[in-house]
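A.B. asks: below is the sequence, then the predicted model.
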Amino acid sequence: MPFPNAVKRGIPLALVVALIVLPVIDPTSQVMLMLALAKGLAVLGVIVLLQAGQVSFGHALYFAVAAYTAAFVGKATGGGEIIVTLLAGVLAAAVVSVVVGIFVVRYRHIFFGMLNLAVSMIFFSFLEKFYFITGGSDGLSVARPTVLGLSLERGAFEGVLYYGTLGLSLVALFLTHRFLSSPIGQMLRAIKTNEVRLEYLGVSPRSVLLVGYVVSAVLCGLGGALMATAQGIVTPEYAWWIRSGEFVFIAILGGAGSVSGAFAGAFVYEAVKTYAAAFAADIWQMILGTVLLLVILFAPTGLVGLYRSAVTRGDDIDAGAPDRRKREAVS
């Protein structure tokens, strides 16, 4: 029986069910899954830009801007409401991305990537040096916000936060897919394939890329605000270039050509990192590097591409079964 088309195009329903049930069966996995979802949202933003053929090595900037905004809002309001802190973080990331984006969308490829990195590192230096505002390398604590006006205990709050993040991730996945399938999403992809044709059609590639840039920053900001709320602390490491590199790493691991690759890569990355660090603390980076190398060599389209190839082969086998039965009957 052929595999359903819905399974081919997206994350299998079984995986979503597993994400709902697993924290109940194994509560210790909830933290790892929460971090993976938050990073997956940020990686989803990186993948939006990759559709235009542009790699950003500085998108941790928006991850950190939203995280620190959530911390400042919580500090000013004594914790505040979680919806308000998340919205404030996302809005801050969007505003900063418009200011930075107007400048960086003029450039392409390595210049685009390095300019993003430079801006991110400037912000990192600000977080490090202005101790009286940002807490310096010690960072800032993030007060536990209320949920619809209710002050929850730690266990209940973490449960609500996890399932809320899972819901937001599924919505973000759907909306990003719709965005990339829309006319402006197609124009964003055209920047990678034939930017000159867009100009001939009277479309400004810079304006299209700016829209994609802001969308990617909003996704990164949502991930950063959720990460800050989950961990209860923000540090300058949120804006460090290694964090940006981590997002690109995960995008390649999961499959840069697919929006679902953001979360597939994030789950595998966090699982390998967690268990490798637990059982091989001295060489966990080497293990991660080996995994990425194997993916590049044997699955250049990432984990999602590998999965889809397996599904296609399964459909080919199913399609060939009637012919084989006919040949066997004749013989």
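C.D. replies: That came through, no problem.
A.B. asks: hang on, Gly101 packs against Leu210?
C.D. replies: Yes: counting by C-beta atoms under 8 Å, Leu210 is a contact partner of Gly101 at 4.9 Å. Every C-beta, even on glycine, is put in place using the N, C-alpha and C of the backbone.
A.B. asks: can you map out the strands along the chain?
C.D. replies: If DSSP state E is used as the criterion, the strands of the chain fall at 140-141, 233-234.
A.B. asks: for Ile122, which of these is the nearest?
C.D. replies: Set against Ile122 and scored by C-beta to C-beta, the strands of the chain come closest in strand 233-234, at 17.6 Å.
A.B. asks: which residue is nearest the centroid of the protein?
C.D. replies: The structure's the chain has its C-alpha centroid closest to Val43; by C-alpha atoms, centre = their mean the separation is 2.4 Å.
A.B. asks: burial count for Arg108?
C.D. replies: Residues lying near Arg108 (other C-beta atoms under 10 Å) number 17.
A.B. asks: the one 10 residues further on now?
C.D. replies: The number of residues packed around Ala118, counting by other C-beta under 10 Å, is 13.
A.B. asks: how close does the spatially closest residue to Val295 that is not a sequence neighbour sit to Phe267?
C.D. replies: The spatial neighbour of Val295 that comes closest, neighbours along the chain excluded (C-beta to C-beta, 6 or more residues apart in numbering), is Leu253 at 5.6 Å. In this structure, Leu253 and Phe267 are 10 Å apart, going by C-beta to C-beta, to the nearest Å.
A.B. asks: and those two? Which one has more around it.
C.D. replies: Leu253 (26 against 21).
A.B. asks: hang on, the more buried one packs against Glu270?
C.D. replies: No: Leu253 is beyond contact range of Glu270, at 11.0 Å (criterion: C-beta under 8 Å).
A.B. asks: need the contact list for the residue nearest to Val295.
C.D. replies: Counting by C-beta atoms under 8 Å, 6 or more residues apart in numbering, Leu253 touches Gly261, Gly265, Val268, Tyr269, Val291, Leu292, Val295, Gly302, Leu303.
A.B. asks: pull the contacting residues for the residue nearest to the fifth one when sequence neighbours are not counted.
C.D. replies: By the measure of C-beta to C-beta, 6+ apart, the closest residue to Val291 outside its immediate chain neighbours is Val272, 5.8 Å from it. By C-beta under 8 Å, 6+ apart, the contact list for Val272 reads Ile287, Leu288, Val291.
A.B. asks: looking at the residues you listed, which one is closest to Arg106?
C.D. replies: Comparing the contacts of Val272 against Arg106 with C-beta to C-beta picks out Leu288 as the nearest, at 34.5 Å.
A.B. asks: which ones are touching the closest one?
C.D. replies: Taking C-beta under 8 Å, 6+ apart, one finds Phe249, Tyr269, Val272, Lys273, Ala276 in contact with Leu288.
A.B. asks: go again with 7 Å.
C.D. replies: Neighbouring residues of Leu288 by C-beta atoms under 7 Å, 6 or more residues apart in numbering: Val272, Lys273, Ala276.
A.B. asks: list the contacts for the last one?
C.D. replies: In this structure, Ala276 makes contact with Trp284, Ile287, Leu288, judged by C-beta under 7 Å, 6+ apart.
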